[in-house]
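**Q** my questions concern the predicted model and sequence given below.
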Amino acid sequence: MTGPYAAAFMTESGSAGAEADFGARVAENQRRVFQIAYGVLGNSADAEDVAQEAFLRAYRKLASLREPARFRTWVNRIAFRIALNRQRGSRRQMARETAWHAAGPGETVDEARKTNERLLAEELRREIEGLPEKYRRVLQLLMVEEMNSAEAGAILGIPAGTVRSRLHAARKLLLEAMK
Amino acid sequence: MMAACSIWKDQLLEAALGDAPTDELAEHLKRCPGCAVALTELSARRERLDRALPLVARGAELPADFRARVLAAAESSEPRWGWGRRGWVLAGAAVITASILVAILVHHHGASPAQDLDVAAMEKMTHWRAPSDVFLETPGRENLRMTPRLGDSIVNLPVPRNQED
């Protein structure tokens, strides 16, 4: 690997270790980056594209990252912005995955439960999209595994306390809207 | 929940979200079965909400080869260098280097041909004289300095002695 990532990590681990370093960063963050994109887009193919693009942008611009320890927040923010841009640009709302909505006749109890959960999630997604943007963004981030208020605030550029108050308001609105 | 109980709606939502009911709401719930049922329903709805929210973002999984694909794409992508701080430093260094090279070249090769032409023209200018100066230096210019007497011809120039013969 000869790109900027290699240069950025040269002093720490040498060029031979740069590829392993970047690979390790991808492995650490790929699930979360994908979930951030999926939370916004609701389509796994699009979310996968966004996740890949986020890592590539991070790779190309790594030299501009002054604190390597902040890689996680940085790549999360990149992914969130790309996902929002893609959503605004394409508005492919109808392309959402709905194949799993149809429950087959040979469906087991466990599969039926999963189907119900997914239907509920889809209903909830529609409700979330009807929320004011400032509440919607907070929810989209806090739905991601192990994402806390401070991390969501760092991505959105707002204090953790504001994230918490917006989350409370968003849940209240959802509770009222759900049937 | 009765229509008259709509004033308790906000407090019921807050209570369903986990906040402890206020003393007033607790008193009201004791007397109003409709609001007590509404709170139970809202609490059940909140549980469904909390269960479903993570599914919205975690409803799909990445393919197993995602990391390998990212690494392959990173390997094949051309780094895009922008005009960051490093870019400006490099540009500044290039300008300084070019200036030094130009200075060295001028020093070693002397004046340029254009500069030579300028010097020659300036030298010619130092030898140039106005036409009146030339006229004053012609033979016979003494005539102009003499005042002929009345009756004398201006043509009768005094002949220098060494030319009388």
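**A** Nice, I can see it.
**Q** now residue B:42: how far from residue B:35?
**A** Between residue B:42 and residue B:35 the computed distance is 10 Å (Cβ to Cβ, to the nearest Å). Every C-beta, even on glycine, is put in place using the N, C-alpha and C of the backbone.
**Q** ditto for residue A:175
**A** In terms of Cβ to Cβ, residue A:175 sits 16 Å off from residue B:35.
**Q** where do the helices sit along the chain?
**A** All of this is about chain A. A:4-41, A:44-60, A:71-90, A:109-129, A:133-142, A:149-156, A:160-177 (DSSP state H).
**Q** meant chain B, my bad for not saying
**A** B:9-16, B:23-31, B:33-57, B:66-76, B:85-109, B:113-127, B:131-136, B:142-145.
**Q** which residues of chain B lie near chain A?
**A** B:13-14, B:16-17, B:42, B:45-46, B:48-49, B:51-63, B:66-67, B:69-71, B:73-75, B:77, B:79-80, B:82, B:84, B:86 (Cβ under 8 Å from any Cβ of the partner chain).
**Q** what about residue B:69, how many neighbours?
**A** Counted with other Cβ atoms under 10 Å in any protein chain shown, residues neighbouring residue B:69 total 14.
**Q** and for residue B:52?
**A** 23.
**Q** can I assume it is in contact with residue A:121?
**A** Yes - between residue B:52 and residue A:121 a contact is recorded at 5.1 Å, counting by Cβ atoms under 8 Å.
**Q** excluding chain neighbours, what is closest to the most centrally placed residue in chain A?
**A** The centre of chain A sits closest to residue A:36, judged by Cα atoms, centre = their mean, with a distance of 0.6 Å. Distance criterion Cβ to Cβ, 6 or more residues apart in numbering or on different chains; nearest residue to residue A:36, sequence neighbours excluded, is residue A:79 at 4.9 Å.
**Q** and if you look at residue A:140?
**A** residue A:39 (4.4 Å).
**Q** what sits against that neighbour?
**A** By Cβ atoms under 8 Å, 6 or more residues apart in numbering or on different chains, residue A:39 lies in contact with A:83, A:140, A:141, A:143, A:144, B:56, B:57.
**Q** might you report the residue contacts of the closest residue to the fifth one other than its chain neighbours?
**A** The shortest distance from residue A:144 to any non-neighbouring residue, by Cβ to Cβ, 6+ apart, is to residue A:35 (4.4 Å). Contacts here follow Cβ under 8 Å, 6+ apart; on that basis residue A:35 touches A:47, A:143, A:144, A:145, B:57, B:58.
**Q** run through chain B and note the low-pLDDT ranges.
**A** Within chain B, the stretches with pLDDT under 70 are B:1-3, B:59, B:78-87, B:109-115, B:131-146, B:148, B:152-165.
**Q** list the residues that contact residue B:122.
**A** Counting by Cβ under 8 Å, 6+ apart, residue B:122 has no contacts.
**Q** so how far is residue A:50 from it?
**A** From residue B:122 to residue A:50 the distance is 72 Å (Cβ to Cβ).
**Q** that older thread, out of the helices of chain A, flag the one nearest residue B:118.
**A** helix A:4-41 (51.3 Å; Cβ to Cβ).
**Q** which among the residues of chain B next to chain A end up buried?
**A** Taking 16 or more other Cβ atoms under 10 Å in any protein chain shown as the criterion, what is buried in the residues of chain B next to chain A is B:13-14, B:16-17, B:42, B:45-46, B:49, B:52-60, B:62, B:66-67, B:70-71, B:74, B:79.
**Q** any common contacting residues for residue B:42 and residue B:35?
**A** residue B:12.
**Q** mind checking pLDDT for residue A:135?
**A** pLDDT, residue A:135: 95.
**Q** which residues touch the closest residue to it other than its chain neighbours?
**A** Distances taken as Cβ to Cβ, 6+ apart place residue A:170 nearest to residue A:135, at 3.8 Å, with adjacent residues excluded. Contact analysis of residue A:170 by Cβ under 8 Å, 6+ apart lists A:128, A:131, A:135, A:136, A:138, A:139.
**Q** hmm, try it at 6 Å
**A** A:131, A:135, A:139 (Cβ atoms under 6 Å, 6 or more residues apart in numbering or on different chains).
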